[in-house]
Every structure is written in C-alpha cells, then in structure tokens.
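Chemist: need a structure here:
(6 chains)
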Protein chains: 4
Amino acid sequence: MSKLGRPINCVGVDTCQRLLIEARRSFAADGFDATTNKKLAQSVGITTAAIYHYFPSKIEMYVAVFTDVQDLVCKTIENAISKDADFSENISKTVDALAALTVREPAVVAFVMSVSSEAHRHPEVKKAVLPLSGRIGRILLDVCEKAVSRGEVSEQISAQSLEDMLTVVLSGLGRFNMVYKDARRTKELVNSMKLLLTGAAFRVSTSV
Amino acid sequence: MSKLGRPINCVGVDTCQRLLIEARRSFAADGFDATTNKKLAQSVGITTAAIYHYFPSKIEMYVAVFTDVQDLVCKTIENAISKDADFSENISKTVDALAALTVREPAVVAFVMSVSSEAHRHPEVKKAVLPLSGRIGRILLDVCEKAVSRGEVSEQISAQSLEDMLTVVLSGLGRFNMVYKDARRTKELVNSMKLLLTGAAFRVSTSV
Amino acid sequence: MSKLGRPINCVGVDTCQRLLIEARRSFAADGFDATTNKKLAQSVGITTAAIYHYFPSKIEMYVAVFTDVQDLVCKTIENAISKDADFSENISKTVDALAALTVREPAVVAFVMSVSSEAHRHPEVKKAVLPLSGRIGRILLDVCEKAVSRGEVSEQISAQSLEDMLTVVLSGLGRFNMVYKDARRTKELVNSMKLLLTGAAFRVSTSV
Amino acid sequence: MSKLGRPINCVGVDTCQRLLIEARRSFAADGFDATTNKKLAQSVGITTAAIYHYFPSKIEMYVAVFTDVQDLVCKTIENAISKDADFSENISKTVDALAALTVREPAVVAFVMSVSSEAHRHPEVKKAVLPLSGRIGRILLDVCEKAVSRGEVSEQISAQSLEDMLTVVLSGLGRFNMVYKDARRTKELVNSMKLLLTGAAFRVSTSV
DNA sequence: GATGAATGAGCTTTCATTCAT
DNA sequence: AATGAATGAAAGCTCATTCAT
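Modeler: From the prediction side, this is the model:
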C-alpha cells in the first residue's frame, strides 16, 4: 500500500527524448516486435507503465520516431542537393551526406530502411505511417526528373525508374552498413557506388 | 478420449514438404517472429504439435528452409554464369536469372533477403545459419575477381568492393520487388539496373 | 517545468461537488470497477492526481457518494409517508415519489440499487458502507409494522416479509428503469405496480 | 527450456465443464470484471493459458455460460407452465420452480440477474449476448397475453406491463436471495410474493 | 488547488513447447 | 503420424496511488 505511487526523489530529465532516441535505436536494430516495452523502459531507466505517460501505445511511439527520423533524412538530402549542380554531382553529394549520416547516426538510416518491412508486417503501422511517408521519394524523384529533362541519362531510362534505382542503391548502402559493421569496407563501397552512379565504374563502357 | 491419437484416413503425404514451402513463404513475408506455429499449422492443415514431428524446434525449421533456399539461389546464379563470358555479360545474365526467379518464386528471393536481418535480430538463428551462409557471396566474389584480373573494371574498385556492390544491387532489387508488388515497374527497374551495371546508363560517361 | 503547480486562472469552484455528481452517475451506470479515476477526472476536467485533494481514496469517494444518496432517498420516502394515512396510501405515495425521483435523478436510484452488489463484490466497500446502510430499510419496516398491527394485510404475511416485498418491488422498479430506458413503459409499470401493491390488480381475488 | 510444455501425468477430466461451472459461479458472484482468468484457472486447477484452449476469449466464455444458463432457466419456466392452468396457477408454479432453482443452483439465477447490467457495462458483452437474449421474456409474455385475453387481470393493465411486473418481481426475488443469503427469510418472501401476485395479499381489496 | 511524472501490481492474451494417447 | 490438453514465460496495457512542484 504505502510503496505504491511515484517514488521519492526521482528526477527524470527529458525522459521523453531519451525514450524516443532509444526507441529509434531499438526499432532499427531489433525490429518492432523485438522492441519490447520492458527492454525499452529498462534502457531508459523507468517502468513500462511510465512509457504510457508519453505515448498512448507502442504504435504511436513508432509513428513519433518515424516522423522524427523522416525529417532528419529529408533535411540531409535537401541540403546535399543544389539546383545548379548536375545530376552526377547531386547524387555524389547525396551519397556522401547519407553515408556521413549513417556513420553519425546509424539508427536513423537503419530505421528508415526497416520502415517498409515493418509496415508490411504490421497493418496498424502501415495505416499510421503511410500517410506520412513518401516525402523522401518525392525529393529524389525531383532530382531524377530534372536529370531526365536535361538529357543527362540514357533515353532508355525513365525518371521513375531512375528514382527506383537510386532508392535501391541508397537503401542498399544503409542496409549493408547495418549488416556488416565494417566502416572501412563500407567507405570503399560508398566510393565504388559513387563511381557506378556517375558512370565511371567500368572500362568496358569506354572501350566499346 | 477416443479421438486422440493419429486420425484414420490421414495420408500425410509430404506434409513435411508442404510445411517447408509454407514456412518459407511466411518467414519471407511476415518474418521469423510473426511466423507462429499456429498460423503455420493452420495453413498446412495440422496441429501445432504435429510440427514437432518434422522439426525439433522453430529455429531448426528456419535452418531447413534456409538450406533449401540457398541451394536454389546458388544453382540459379551458377547456371547464369559462364567462364567464357565477360563480366558485363555474366552480370546481365545473373540479374535476368534472379529477376526471373523472383517472379516464379517470390518467397525464395524475399527469404534470402531477410536472412541477414533475422540473423541479427535472433542470435540463435545467427548461430545456426552462419556456418552455412556465405555460399552466394563466394560465387559472386569469384566472378568479380576474374573481372578485376581481366582489367574489366576501374582500378579504383577492388574485387571485394565490386562484390559488395553486386550484393547491394541484387538484394536491393529483391527487396524492391517485395515492397512494391508492381511487376511492370520492377521489370523496368531491372533493365535500368542492367544498363547501370554494364556501364551504359549515363550519357556523361560517353561525353567525357 | 514552468507548467507545474497550480495553473493560473483556475477557479476550482465546487470541483468537489462536480466530482461527487459525476462519481454518482458513473458508479451507478458503470459500476465501481469500471469507474476509473482517469475517466472521472476527464469528465470533471481535472487530473487524476487532483482527485486526491478531495478524497483520500476511491473507496472513500464511494462512501461519500453513498451518504449523499442515502440521505436523498430517505428524505424522499419520509416526505411521502404520513402517520395518518393507511398502508395502501403510503405505499402508493412512496412509489410515486421514488418514480419521480428516478425520472429527475436517475443516477440516485440506480446507485442505491447497485450498492448491495458492489458491497458484495468489494469487501472494502462493504466494510465502509455497512455501518451506514439500513436506514431506508428501517423506514419501510416502520410502515409495514404499523400496517400489520392495524390488520391491513393478510395474516399470512409478517411485517419483515412485507418489507422485503416492498424492497424487492421498489428496487426492481429502479432496476427496470435503468435497463430499459423507456419512460412511457416505466410509467405504465409504475401504475401497474401500485395497483398490485394496493391489491386491485387481479379480478380473481374479487370474483372468489 | 526443459521445463516448458505440458507437465507429465496431468489428467484433466472434464476441464471444460468445470471451467463453465466455475465461470458461472464467479460471473454471478463477482461480476465480469472481477472474474479474472487467474482466479478462474486456480479454482479449476489449471493455468490461465489453458483457458484459451477452450474459449478464444473471456467474452466468448461469458457467452457460453450465458447460453447454458438461459437454457436452464427457460426449461424450468416452461416446465412450470401449463396451457390448461389459469394465470394465477401458472405464476404460482413458476415462482415455486424458480425459487427451487435458486436454492439448487444459486449461481444460475444470480447470473441471469446480472446479465443486463454486465451487458450495459461492457459493449462487447452486449453485442454478443443481445441476439441470444429475450427468450425468457418471450415465454413470460405468452403467459401474460393469455391471461389478458382470458380477462384474468384488471383492464388497466396491459400484457406488456404485466410481463414487466413479473420480470421485476422474479428478478427481484433472485436478487434478494443473492444479497441476504437467508433461506428461511427468502422462503417466507416467496410465499408472500405468490400471495401478492395471485391477488390475495391484502384485505383492503376485498373489504372495500 | 492542481499538475506532470512515475510506480507496483495486475489483467488479458499469445507463444513455443511438451506429453500421453 | 498426429492429436488434444496443458504449460511457463512474456507481451502490451491499465489502474489506483504517490510525490515534488
């Protein structure tokens, strides 16, 4: 009876922020299901019940993390892109910026990567996240459309397909970094990718 | 009371095979956690207890599916690769073969794609799958090493990095197909990817 | 941080009264368990913690409501009863008064109705409420004893039994009104009940 | 690991039946909310998880109990009623039969009594129980309609109102028995009620 | 007089697994 | 080869209550 309620002398600075950060990390690393309230609470130093003071449900917490992260990634890409630069340069800088973000905040990129799978696995996540998602794709599509209209890519490739290619490669990079946590190997791969995407990877193309 | 034991008139032909197929599909589509014994049993038309006649645990079942699937993918790639062909041709045929497999057996490719994440999320899966894995990577590495030694790629790119690039792109393709189930868009992307990997995507490269 | 403490411009006029009224309504309609502090606080426009300024516990709040309500019902019955009237008239007026109260304050009657069940379900409620309860029964018993001593009822019926009958019928009326919220049907039932209790319901009795 | 699964040598005869009986008792005595899976399981001698082998949810279990109980009560009333008997006799026998049932199976009557409140408190219960309920009311209404058409009751009382009266009195009896568990007092009340309902309670009616 | 943050206990439900038949 | 019955563990979530501000 007397031991119930809030314990005396408990500080709890910025619990909400710490919760969001830890949730991001865990959702990214372990997935939605394996991220249990218990582990989360323990990491942050509170009880599971306290989580519900900040988020009405696990799903809502996921959405909050998603919104945060999407913002960060969008800003990162937008800062890397310049209206005056050509496609090759924009891509190069985007890859660099995302690679840097991956190093600084691995959880951010890994989280973004995992969203589509989680959305597919959990209908409720899908329903909550779908209306918010798509921002990143739209930014990339803009770049691709400009590249196509400027005649910077082969006529065989549509803007949509070009954007799909970018998505595949960029998300692949993030995924790669997540799986093999080998900074040096990832860096080398990033460079190779930049060469590939800017068209200087293969001698064949020039020799033929 | 009298209904216990094995029911009469139950053939049980290849229940094991049906179990493996359904498990593959579900592991690929829903993930390891969301693939529950209950759903699995229902899909196959048996009870959860019966599963344990074929596999001693969920993990072992996962490993069995993994072995199956790895075999299929390896054979597919090996058939696409020829010792006499150059890198560009080998890659082109490999992409085609995997794209075809993705269409024929979406679960196969999707499963392969998910293995690394699952292994990361579930230490027990990792421990069981690790010693078996790496076959696909080794095959691709072979092709890449030959390409490098023949001088078919830029000197800035190592064989390892080339293989990483291939892995990223190929797995990215599989993932893309899984997320957007748009056959036409995937086909266009496959073609664009082939152009990219064989170095003919960008006009820039030719103009320089 | 700065938002803690008592918010400015909060009058807090009779928050306690509003709390009591809402608690009465909710206890009556939803029961003790389903009446959560959270819902209560929301309905009144405060936080759950604020409730504890007025009542040291949920049980005490229940007791407070009980005392209020018992008072109201007792006064209602006492006003309906007259020493000079005969049993039949007293009953008739009591039924009318309670029926009117049911219409004016449905929660009052419904609450009274539910007390015995709640007391049975929750030992703590029982312990707190028991010493206070019984007032209504005593008033009715008085009326019944006078009726018996005056020879107004069949010799086969004791005063205690007569009071039990009254209790059953009166509480049954309240319960009926609570379940079917059909004012017209309830009114008709009240009239029938008055006929029954005053002995004019059945032709059989007169024909024989 | 090795301690999981079904324990060796566990008999479990008629667990489902025992579960239903205990659930009926507990739902009736403690209510839906206070009837926890844990207590239920302990009473029956199993674990909470085992409950879900028999009922997919608590609500479904409640519905199963309800169906059982309704059947019993309906049969009891139907057996007491005879087409050839007059209203007074039918009612007298019905009251006797239900009183006997109340003694033999207190939980049955108490459960029936509580259904309407529970349905009101829990929308899910309401949704599940509503389509099944009403059987008892229909049986009583039949009796009442016959009584009205035969001219056995005062013209001021409609068949519907007569049935409402019966319901109030009968359910009131059950409730009374539940609250005061005094067999002798209940028996006396039953007799008084029979006098009341058959019109012989009050001298007033004959003397005037 | 009222708040926001936090708690321990408890609830319903699900899961992989086990065992006798 | 397959079943029905049962388990321990754990998950997400709710609740009455407490404390510092």
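Chemist: low-confidence ranges, chain A, go.
Modeler: Judged against pLDDT under 70, the low-scoring parts of chain A cover residues A:1-13, A:200-208.
Chemist: state which helix of it is the longest.
Modeler: In chain A, taking DSSP state H as the definition, the longest helix is helix A:58-80.
Chemist: is chain B within reach of the helix or strand following that one?
Modeler: Using DSSP states H and E, the next helix or strand after helix A:58-80 towards the C-terminus is helix A:87-104. Yes: for helix A:87-104, a contact with chain B is found by CB under 8 Å from any CB of the partner chain, at A:Ser88. Every C-beta, even on glycine, is put in place using the N, C-alpha and C of the backbone.
Chemist: check which helix or strand A:Glu188 maps to.
Modeler: Here A:Glu188 is covered by helix A:183-197, with elements defined by DSSP H and E.
Chemist: dump the longest helix of chain A to PDB, restricted to CA.
Modeler: Written as PDB, here are the backbone C-alpha positions of helix A:58-80 (Å, rounded to 0.1, in the frame of the first residue of the first chain):
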ATOM      1  CA  LYS A  58       3.500   1.300 -29.000                       C
ATOM      2  CA  ILE A  59       2.300   2.100 -32.500                       C
ATOM      3  CA  GLU A  60       2.000   5.800 -31.700                       C
ATOM      4  CA  MET A  61       5.600   5.700 -30.300                       C
ATOM      5  CA  TYR A  62       6.700   4.100 -33.600                       C
ATOM      6  CA  VAL A  63       5.000   6.800 -35.500                       C
ATOM      7  CA  ALA A  64       6.600   9.500 -33.400                       C
ATOM      8  CA  VAL A  65      10.000   8.000 -34.100                       C
ATOM      9  CA  PHE A  66       9.200   7.800 -37.800                       C
ATOM     10  CA  THR A  67       8.200  11.400 -38.000                       C
ATOM     11  CA  ASP A  68      11.400  12.500 -36.300                       C
ATOM     12  CA  VAL A  69      13.600  10.300 -38.500                       C
ATOM     13  CA  GLN A  70      12.000  11.200 -41.800                       C
ATOM     14  CA  ASP A  71      12.500  14.800 -41.000                       C
ATOM     15  CA  LEU A  72      16.200  14.300 -40.400                       C
ATOM     16  CA  VAL A  73      16.700  12.300 -43.600                       C
ATOM     17  CA  CYS A  74      14.800  14.700 -45.700                       C
ATOM     18  CA  LYS A  75      16.800  17.700 -44.400                       C
ATOM     19  CA  THR A  76      20.000  15.800 -45.000                       C
ATOM     20  CA  ILE A  77      19.200  15.100 -48.600                       C
ATOM     21  CA  GLU A  78      17.800  18.500 -49.300                       C
ATOM     22  CA  ASN A  79      21.000  20.100 -48.000                       C
ATOM     23  CA  ALA A  80      23.100  17.900 -50.300                       C
END
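Chemist: show me what it packs onto, helices and strands only.
Modeler: Here helix A:58-80 touches helix A:15-34, helix A:87-104, helix A:106-121, helix A:123-129, helix A:135-149, going by 3 or more CB pairs under 8 Å, 6 or more residues apart in numbering or on different chains; DSSP states H and E.
Chemist: pull out the buried residues from stretch A:126-146.
Modeler: Of the residues in stretch A:126-146, those scored as buried under the neighbour-count criterion (16 or more other CB atoms under 10 Å in any protein chain shown) are A:Ala128, A:Val129, A:Ser133, A:Ile136, A:Ile139, A:Leu140, A:Leu141, A:Val143, A:Cys144, A:Lys146.
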